[in-house]
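Asker: With the sequence up front, the predicted model follows.
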Amino acid sequence: MNAVVLRYRQAGMRFQTPLEPARLIRRYKRFLADVRLEADGRDVVAHCANPGSMMGLAEPGMRIWVEPNDDPKKKLRYGWRLVDHENGHFTGVDTSVPNRALKKVITAQGIPELATYETVRPEQKYGENSRIDFLLQHPGLPDAYVEVKSVTLSRQADLAEFPDSVTARGAKHLGALAQMAQEGHRAVLFYLVQRTDCTRVSVAADIDPNYAQSYAKARAAGVEVLAYGTTITPDGIEIATRLDVV
């Protein structure tokens, strides 16, 4: 598969300037972070587009990358995009990136397991008060319901884990996917690992036992699981190769 690059400026996110390095002072109220810019030492507030726990990714003093903007519609002039592990590896913390990136790749038929579908419909209602990230359709094929999860947690070398906190919503999505599979559709759980130091993915059963049980039931019902990695630099994010699901 040819990697499809998601450049921030090309992703409809209106990023006007390159990312800037900074140091994290603190993350608070989930969506806010105080950071110190490396260029001039100024302290600024950045938007954190991640509602999760960000376990291991929000420690004070971490080197991060933020994106400045001059959009008058935005209250904050900076958005937190990456964690720089300072060993050549990065983690993407913006949870809106996976869907944006995957829409480009799936539409370009760049995911081999989903390449036979020509119609890509994002954010479609299904199940009981749920929306699927992507509904893929093609004449003569069963509809494919694709739910995307951003994976950023890693507690041991080379292994990415999901979730990083209790997620009742995630368990609900698994139940809806299982229902679609039982009705004869394709149901796909797609883990996109937004960090460059992992080649395997696993369910963090100790963090959310209920999610782990829902995952096992979904697999038994016929839900497919795909996991792909990413190539990340301060210039952009690419969908990379398929990863092993442990």
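Answerer: Received, thanks.

Asker: biggest helix in this protein, by residue count?
Answerer: helix 168-182 (DSSP state H).

Asker: show me the contacts for the closest residue to residue 57 other than its chain neighbours.
Answerer: Spatial nearest neighbour of residue 57, excluding adjacent residues (C-beta to C-beta, 6 or more residues apart in numbering): residue 83 at 5.0 Å. No exception for glycine: its C-beta is placed from N, CA and C like everyone else's. Contacts for residue 83 (C-beta atoms under 8 Å, 6 or more residues apart in numbering) come out as 57, 62-64, 90-91, 93.

Asker: same check, this time on residue 195
Answerer: If you count contacts by C-beta under 8 Å, 6+ apart, residue 195 has them with 89-92, 151-152, 154, 160, 230, 232.

Asker: Mind picking the one among the contacts of residue 83 that's closest to residue 243?
Answerer: When those are ranked by distance to residue 243 (C-beta to C-beta), residue 91 comes first, at 14.7 Å.

Asker: just checking, residue 189 touches residue 174?
Answerer: Yes: counting by C-beta atoms under 8 Å, residue 174 is a contact partner of residue 189 at 7.1 Å.

Asker: can you list residues touching both of these two?
Answerer: 215, 218, 223.

Asker: Of the residues you listed, which is the most crowded?
Answerer: Among those, residue 218 has the most neighbours (other C-beta atoms under 10 Å), with 25 neighbours.

Asker: Let me know the helix or strand that that one is in.
Answerer: Per DSSP states H and E, residue 218 falls inside helix 209-221.

Asker: Output the below-cut-off pLDDT ranges for the protein.
Answerer: 1-17 (pLDDT under 70).

Asker: thinking again about what came up before, please check the contacts of residue 195 and keep the buried ones.
Answerer: Among the contacts of residue 195, the ones that count as buried by 16 or more other C-beta atoms under 10 Å are 90-92, 151-152, 154, 160, 230, 232.

Asker: Out of those residues, which sit inside strands?
Answerer: Taking DSSP state E, the ones among the buried ones among the contacts of residue 195 that sit in strands are 90-92, 151, 154, 160, 230, 232.

Asker: which of those residues lies closest to residue 28?
Answerer: Distance to residue 28 across those (C-beta to C-beta) is lowest for residue 91, with 19.4 Å.

Asker: Please tell me how far the closest one sits from residue 159.
Answerer: Distance, residue 91 to residue 159, by C-beta to C-beta, to the nearest Å: 14 Å.

Asker: Show residues contacting stretch 158-171.
Answerer: Outside stretch 158-171, the residues that touch it by C-beta under 8 Å, 6+ apart are 52-55, 149, 151-155, 191, 193, 195, 197-204, 207-208, 210-211, 214, 227, 243, 246.

Asker: ok, back up a step: with distance to residue 100 added, can I get the ones in strands among the buried ones among the contacts of residue 195 in TSV?
Answerer: Formatted as TSV, these follow (distance: C-beta to C-beta, whole Å):
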residue	distance to residue 100
90	17
91	17
92	11
151	16
154	23
160	20
230	12
232	14
